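> Below are the sequence and a predicted model for it; my questions follow.
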Amino acid sequence: MSKGRILIIEDNEDNFQLVRFLLERDGFEVISAVNGREGVETAIREKPDLILMDLSMPEMDGWTAAQKIKAEPETKAIPLLALTAHTLPGDRMRALEAGCDGYISKPINVEYLIKTVSSSIGKARKQSD
């Protein structure tokens, strides 16, 4: 049984494959989108348990996509974590202000990724009960 369905919104194929591998190895089901526009559409259609999103993407950046996902009644409660190489001072705050519920920096710390994803899904499930 899956530990949860995770939507990864990432335009870099190598990054996507790495994160997918790590999550699937730990028992999560993974779905994907390659840009912010597709990510918003996929989130609304699929209603995953959690969203991991890069912030720098074509067509619609992650900050805009986060705002749109959190503005939709059917997706606003889904935990949304930025997964990004944007690590300058203020980047974390900007992601949180856009609607992200958390922030994971690249390069990825595998233990932190799995712990944060599991914890975020667990908290969301408790709140919906």
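On my side now, so go ahead.

> element containing residue 38?
Mapping residue 38 onto the secondary structure by DSSP states H and E places it in helix 36-46.

> how about that helix: buried residues?
Neighbour counts using 16 or more other C-beta atoms under 10 Å place 36-40, 42-43 of helix 36-46 among the buried residues. From N, CA and C alone the C-beta is placed, and that goes for glycine too.

> Now stretch 98-107 - C-alpha only, CSV.
Backbone C-alpha positions of stretch 98-107 (Å, rounded to 0.1, in the frame of the first residue of the first chain) are rendered in CSV as follows:
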residue,chain,number,x,y,z
ALA,A,98,3.5,32.5,-2.2
GLY,A,99,1.7,29.7,-0.4
CYS,A,100,4.3,27.0,0.1
ASP,A,101,3.9,25.1,3.4
GLY,A,102,7.6,24.2,3.6
TYR,A,103,10.9,24.5,1.8
ILE,A,104,13.4,21.8,0.8
SER,A,105,16.7,23.1,-0.7
LYS,A,106,18.7,21.4,-3.4
PRO,A,107,21.0,19.6,-3.3
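
> Please work out which residues outside that stretch touch it.
Stretch 98-107 is contacted from outside by 15, 52-53, 62-64, 66-67, 69-71, 79-87, 91-92, 95-96, 112-113, 116, 120, using C-beta atoms under 8 Å, 6 or more residues apart in numbering.

> Now which of these would you call buried?
Buried positions within the contacts of stretch 98-107, assessed by neighbour count (16+ other C-beta under 10 Å), are 15, 52-53, 62-64, 66-67, 69-70, 79-84, 86, 91-92, 95, 113, 116, 120.
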